[in-house]
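Chemist: could you work out the structure for the sequence below:
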Amino acid sequence: MEEERRRRHHHDESTKREKKEKKKKAKRDQLAQNGEEIDNSTDINGKEKEKKKRKRRETTEKPTVSIAVAGSIVDNAQSLELATLLAGQIARAITIFRIDEVVIFDSKATSSDETETLNFEKIDEHENEDEYGAKFFVRILKYLETPQYLRKRLFPMHKSLRFVGSLPPLDAPHHYRKHEWSQFREGVTLEGDRSEGTPVDVGLTKNILIEEILEPGNRVTVAMGTNRDLNPDVVRRVVSSNAPKEELDLYWGYKVRYASNLTSVFKNSTYKGGYDHIIGTSEHGQVISSSELKLPSFKHLLIVFGGVAGLEESIEEDNNLKGKSANDVFLSYFNICPNQGSRTIRTEEAILISLQFFQEPIKRAGSH
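Modeler: Model prediction:
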């Protein structure tokens, strides 16, 4: 009896050791697949390792292009369905031209002291009221950018999403199908046992496990590597959402930010050091051809589009910009569609025209 108990205990210990070894091996394989160094030395402390990683990230960091759009443009639509269609058209344009960030700004006279983050993933059921302007716009853009397999978990039903099913999909590179494998994949953390890590739904036939311990309901970017084994023994890890772009030059969707007014667009930039070149677009701007335009080398470029009455009105509505002209606010101010046949160019049209216009100048600036 005692012998049997010892034998069973020995077997259990062996099984545990084997599992640990498997996990270690899986982690080493994962690091190797992602091109990271496997450092087994003990003379380099954690701070030095982190320093090296930060330096490596800085050298691989690619320039970003953001656009800012007046949220009031959706209020000009005659119905919720048409407002949804308008937001969908802009989301498609943003994706086609690989825009990294879109900022939707309100027309408040002063910047709000409150946080300007609109969290739609965790919304109170009693807040399911009609939305207008910037808040509605932000919700639709965030929803469309999210891979289809994550939407039910991240976005509760809401009146504003009533017509999103009729919109054409963005079909962005990170919107993978169930049968497709990729070195990176978007996921959402789930409830469940966290003794071995955090379970994550990445839209495959099985959930996977990540080594980090995270709260449920968080959207994460997971390094999947090339090992297609979905066994729980293969523990993966969370990486920056910038990793696919920096490592594979793969467009990975756009970030969405809300700003209470034009000043907040510039002041509350999420990029370190803010935007280093800001362009305004208007029929009153400088006329120049795309082939002649020379943009300075930049880290973070921002292109701004006004509402129905243009950027001039957005400047007037902002108390922080009183008495300033467009040339005071923007480093460059261009009319990208002179000699137009229509009296007005709608914002969704201006975005498409402008992003095409700036393609070559942006490419030239990046090669400096």
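Chemist: so, low pLDDT: which residues of the chain?
Modeler: In the predicted model, the chain carries pLDDT under 70 at residues 1-60, 109-129, 367-368.
Chemist: middle-most residue in it, spatially?
Modeler: Lys255 (2.9 Å; C-alpha atoms, centre = their mean).
Chemist: so that residue touches Thr270, yeah?
Modeler: Yes - here Lys255 lies in contact with Thr270, judged by C-beta atoms under 8 Å, at a distance of 7.3 Å. Using the backbone N, CA and C atoms, a C-beta is placed for each residue, glycine as well.
Chemist: quick one on the thing from earlier: ok, now which ones touch the residue nearest to the residue nearest to the centre of the chain when sequence neighbours are not counted?
Modeler: Spatial nearest neighbour of Lys255, chain neighbours left out: Glu101 (4.5 Å); criterion: C-beta to C-beta, 6 or more residues apart in numbering. If you count contacts by C-beta atoms under 8 Å, 6 or more residues apart in numbering, Glu101 has them with Thr64, Ser66, Ile67, Tyr254, Lys255, Val256, Arg257, Thr270.
Chemist: the first one: neighbouring residues, count only.
Modeler: Thr64 has 18 neighbouring residues, counting by other C-beta atoms under 10 Å.
Chemist: where's it relative to Leu301, distance?
Modeler: To Leu301, Thr64 is 7 Å away according to C-beta to C-beta, to the nearest Å.
Chemist: and for the third one?
Modeler: Taken as C-beta to C-beta, the spacing of Ile67 relative to Leu301 amounts to 9 Å.
Chemist: mind checking which of these two has more residues around it?
Modeler: Ile67 (26 against 23).
Chemist: I figured the more buried one hits Thr281, correct?
Modeler: No - contact criterion C-beta under 8 Å: Ile67 and Thr281 do not qualify, at 9.6 Å.
Chemist: where do the contact lists of these two overlap?
Modeler: Common contact partners of Ile67 and Thr281 (C-beta under 8 Å, 6+ apart): Ile303, Val304, Phe305.
Chemist: now the buried members of these.
Modeler: Neighbour counting over the shared contacts of Ile67 and Thr281 (16 or more other C-beta atoms under 10 Å) leaves Ile303, Val304, Phe305 as the buried ones.
Chemist: how about the first one, phi and psi?
Modeler: What it means is Ile303. According to degrees, to the nearest 10, the main-chain angles of Ile303 amount to phi -120, psi 130.
Chemist: what sits against it?
Modeler: Val65, Ser66, Ile67, Ala68, Ile279, Thr281, Ser354, Leu355, Phe358.
Chemist: quick check: the first one is in a strand.
Modeler: Yes - going by DSSP: H, G, I helix; E, B strand; the rest coil, the assignment for Val65 places it inside a strand.
Chemist: wait, what's in contact with it?
Modeler: Phe97, Arg98, Ile99, Asp100, Leu301, Ile303, Ile362.
Chemist: Thr95: neighbour count?
Modeler: Residues lying near Thr95 (other C-beta under 10 Å) number 20.
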